[in-house]
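Peer 1: I need the structure of the sequence given here:
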Amino acid sequence: MKGFFLIPLILFLNLHQAEGQSKDKSLWQPYRVSERAGQQHIDLSGEGWTLGHMDRPVNSKSELSGVKDVFPTSVPNSVHWSYFKAGKLPHPYYHKNSVQYEWMDQKVWYYRRSFKMPENAAGNYVFLCFEGVDYFSKIWVNDSLVGVHEGMFGGPTVEISKFLKADNEITVEVKAGNWGNKASKIEDLPRLASGEFDYSKRKGYNPRVSGKIIKPWVISGGSGGEAFFSVGMWQDVRLEVVPKVHLERPYMTTVTSSDKKADLHLSMEVLANEVSTNLKLHPWNNTQLDHPDNFGQKFEDVPGSYTVEMELLFDGKAVSKQNWKIALTQGRNWVEKDITLPNPKLWNPNGLGKADSYDVKISLLRDNQPVDNIGFKHGIRNITFLPTAGPRTRDRWDNWQFVINGRKVFVKGMNFTPQDILLDLPYERYRWTLEAAKKMGVQLIRIWGGGLLESNHLYDICDELGIMVWQDFPIGNQDTPDYPQDIWEAQVVQNILRLRNHPSLAIWCGGNEFNAYSSGNATSIGILERNLKIFDPGRPFKRTTPDHGAIHVYPDMDPVWYNKSYSKAPWISETGMHSLPEAGVFYETVDNKEFTGLGKMWEKSFAKDHPEFIHHFTEYGPGRVPRMLSRASHIVDVADPTIDEIAEASQVGAGEFYQVFSEKIQGNYPVTTGLMPWVFKRHWPVIAIQLMDWFGNAGAPYYFLKRTYEPTHLAVDIPRLLWKSGEEMDLPVKVTHASPVAVSGAKIVVTVMDDHFKVLWKSEKTANIGAGASVTGSRTGKFSIPAEYKDRFLLVLAELKNPAGKLLSRSFYFPRVLSKMDVDAFFREYTSTPIPWIALDKGPWLKPVIGASAQTVLACTITATEKVSADRSRIKIKIVNTGKAPSFMTKIDIEGAKRAIVADDNYFWMAAGESREISIDVLWRESVADRDPEVTVQSWNGAKVSANLRN
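Peer 2: Numbers count the residues shown, from 1 in each chain. Below is the predicted model:
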């Protein structure tokens, strides 16, 4: 029994080891050292590092000779990806290979690399800056322990000039946030009567009650990622060589702006013989804050003549250049300047104009010689907020009407989770994802509070692409009474200072789905609010979402209820529907023998017989699986589907849901002024709510939602999706229009066809579309469903053309006419209140019905190919529907190689005789040198045709 009592004592000492060392060498502090350029900046990321591990932390560097399994690696990375990329373990996301990585978060990891002393180090400060180490760390420079650190979002940063020699070595010890407190295996938990795991029985680290660990739950064994717990040096490492008198933390804001003039304000610090990493924002103990001695402060002049020079450049050409003589005293000095810029170029969100930005270059000159330089980008833009048009229904009610550069906007947004659950976050991965978001029409992404304060890559790309950022802080679904306040504040301020110059950053938010007003969160939120008021007062702050009038909703109902149930909501922060990614994801990552019995996905025996399939299922439970299957059951027979059938059917079912709720919400403008569906891309290959899978392939929901995000969109304001024969179907339309230019004399055509494409009814109207943001409604008439029309689909097509006949928008729908609606009790319930979506166990099923209808013939020609990068191509194709029937669910793909694609459109309608030019962005996931890839096009009523990419 002696050993039994000793183990908890060892774990307690290990958990508090960094805390014990922190008395003298703690490196968490709020002030971030800005990046320099040229010889002042040395990048220590990339190759040149080694990685090894030990079972316990070392007491001194001399013990590092015992480090095990040392091998070369690169930074940034997690230890998991380092092992995979070194060929030491198989892919962590394939099959159940995650089991082979389970030990990693309970080892102590040691990164090492050497570097030469910077040539310009003599007489200057040299800062060693880590952008993010997950989670506990110690830093040695040569043989000196320079400090310890906690927290993964910024730091440690330390001034190391006194430790440097001609040849130097950095050693970094890293421990996971759950060090000594690993959670029990998810597979070992009992299941409830419903079939779900009983999470209340899980022991050890709880990602939803993280205690003193400030780490988001999605990367620490939380829902959908139970198999993973990240650890490692996940962000960049750099040296900054800085003179003793130097610039720090410049901050430029747009005060007012128009096409004719912009008033800007520049604030910055000049530090004289002061190391900002030694500064405190305030004392933590009970003391008077500002208390100079009785004779006042001593201000010592700094010798020399100093000038600050500021230059604004656009497209590399200087448009404004100013300089100011400054008198300095020892310590910190602030410079505040107002700048007027005539005829500015404005930064606009996606779809509203160019996202123009300026390069800001600031130099510090001593005796007219430059000694320090800092550069950043500034986008001149003005975002304000007005009340929405609807009534206030709660105590906390913010202004949600975005006014961007003087224009009211309905904001088309998306939620954004981390790119990778184990933090493999290269620039190229962000680029692919965010370009797809821009192409979809996304104007705002919310960086979700269960995820990350993201890599600089994301914000740089969003600045360029014109995608606004709503930035949650990493509090997700929990109270935080045990957060260490000094560490939390250090992380908060570091990131405010890092991100506040980005024009894309539009909103700060405390986090996701937690009670911002609980006693357990009052301190954490107070720290956020006070520091945003100090360091970034011009941006709005939401304490959490849902709150302030924003809502999160995940109903299982006919989506037409969105503009009834949520008709007074000013902002929808989250909503969505589950679906499978494309079947190829599972062919690659799951034992193909498990592709049986998929129609019984929620029976209690399924999990036991499908371990790899369930491993790749986020939040496998009764709230997720049945609603996904019920949507799919309207597309195909889901009694015993193939993996290909259930993947496509669930995507199309979810796509219909996204289309209709988006149209209903946008049609509710200006009462509802913004929509952020859940979620754009997944952080590993799983079944979940998603528009894009982890590999980067856009699924059907992406395209269904993309069509509703077009600048001018025609929607049938369909009253419901289920009908009975003999009813009159009212088919009014709404045109949502974002452009400030009105459209006069637009032509609206609504056509109703049977499920064999026979025209049953048609209406044509002329409409004048008001300048955006606007919603223009029009009555098109009522269609009488034939009395004999039962258990069949109707096809509703709506088209909007300008006076010259150019197609501006097209939408299509497939409402059902069901004999079930003849049952009075069901009819009354379904039409009077939202109810769970029904499954069609006996049909009708849309795909086989369309497949048995009038066939058409497609032709496909490749018109251009462009190599964008080593692994990216852009392909342009021409598709012609040469048949006499419309082409339904026309699908573009690339076969013959592992790839991800994002096309201009997919799963679309083509009229008989119509031709379309489509651009396809391709991410090649393997070399195609020995492959024979081809573009394929097919529809549910048209055979597959192909065009070889090598011809």
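Peer 1: which residues of the stretch 801-950 of the chain fall in strands?
Peer 2: Remark: strands assigned in the stretch 801-950 of the chain by DSSP state E, counting those that start in this stretch are 807-813, 816-817, 858-869, 872-881, 887-895, 899-903, 908-910, 915-924, 934-939, 942-948.
Peer 1: Out of these, the one nearest residue 116 is which?
Peer 2: Closest to residue 116 of those, according to C-beta to C-beta: strand 858-869, at 31.9 Å. To be clear about C-beta, it is placed using only N, CA and C from the backbone, and glycine gets the same treatment.
Peer 1: What are the buried residues along that closest one?
Peer 2: Within strand 858-869, the residues scored as buried using 16 or more other C-beta atoms under 10 Å are 858, 860, 862.
Peer 1: Any idea what the first one is bridged to?
Peer 2: What it means is residue 858. Residue 858 forms beta bridges with residue 881, as assigned by DSSP bridges.
Peer 1: CA atoms only for stretch 434-453 - export them in CSV, please.
Peer 2: Provided in CSV are the C-alpha atoms of stretch 434-453 (Å, rounded to 0.1, in the frame of the first residue of the first chain):
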residue,chain,number,x,y,z
LEU,A,434,-10.3,30.1,-46.8
GLU,A,435,-10.2,30.5,-50.6
ALA,A,436,-13.1,27.9,-50.7
ALA,A,437,-15.0,30.1,-48.1
LYS,A,438,-14.5,33.2,-50.2
LYS,A,439,-15.6,31.3,-53.3
MET,A,440,-18.8,30.3,-51.4
GLY,A,441,-19.6,34.0,-50.6
VAL,A,442,-18.6,33.9,-47.0
GLN,A,443,-18.1,37.3,-45.5
LEU,A,444,-17.5,36.4,-41.8
ILE,A,445,-16.0,33.4,-40.0
ARG,A,446,-16.4,32.8,-36.4
ILE,A,447,-13.4,31.2,-34.7
TRP,A,448,-15.2,29.0,-32.3
GLY,A,449,-14.5,29.1,-28.6
GLY,A,450,-14.1,25.4,-28.3
GLY,A,451,-11.1,25.8,-30.7
LEU,A,452,-8.1,28.0,-31.1
LEU,A,453,-6.7,31.5,-31.0
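Peer 1: picking up where we left off before, name the nearest of the buried residues of strand 858-869 relative to residue 892.
Peer 2: residue 860 (8.4 Å).
Peer 1: ok, now how distant is the closest one from residue 880?
Peer 2: 8 Å (C-beta to C-beta, to the nearest Å).
Peer 1: where in this protein is pLDDT low?
Peer 2: For the chain, the stretches with pLDDT under 70 are 1-24, 194.
Peer 1: Could you tell me which helix of it is the longest one?
Peer 2: Ranked by number of residues, the top helix in the chain under DSSP state H is helix 643-666.
Peer 1: Please pull up the helix or strand immediately following that one.
Peer 2: Next helix or strand after helix 643-666 toward the C-terminus (DSSP states H and E): strand 674-675.
Peer 1: Does that next one pack against any helices or strands, and if so which?
Peer 2: Using 3 or more C-beta pairs under 8 Å, 6 or more residues apart in numbering; DSSP states H and E as the contact test, the elements touching strand 674-675 are strand 411-416, strand 571-574, helix 643-666.
Peer 1: ok, residue 263 - contacts?
Peer 2: 254, 255, 256, 257, 338, 339, 340 (C-beta atoms under 8 Å, 6 or more residues apart in numbering).
Peer 1: Let me fix that, I meant to ask about residue 423.
Peer 2: 76, 77, 78, 81, 134, 219, 230, 232, 234.
Peer 1: what about 10 Å?
Peer 2: 76-78, 80-81, 132, 134, 152, 219, 228, 230-235, 452, 455, 683 (C-beta atoms under 10 Å, 6 or more residues apart in numbering).
Peer 1: Name the SS class of residue 457, please.
Peer 2: helix (DSSP: H, G, I helix; E, B strand; the rest coil).
Peer 1: Fine, thanks again, bye for now.
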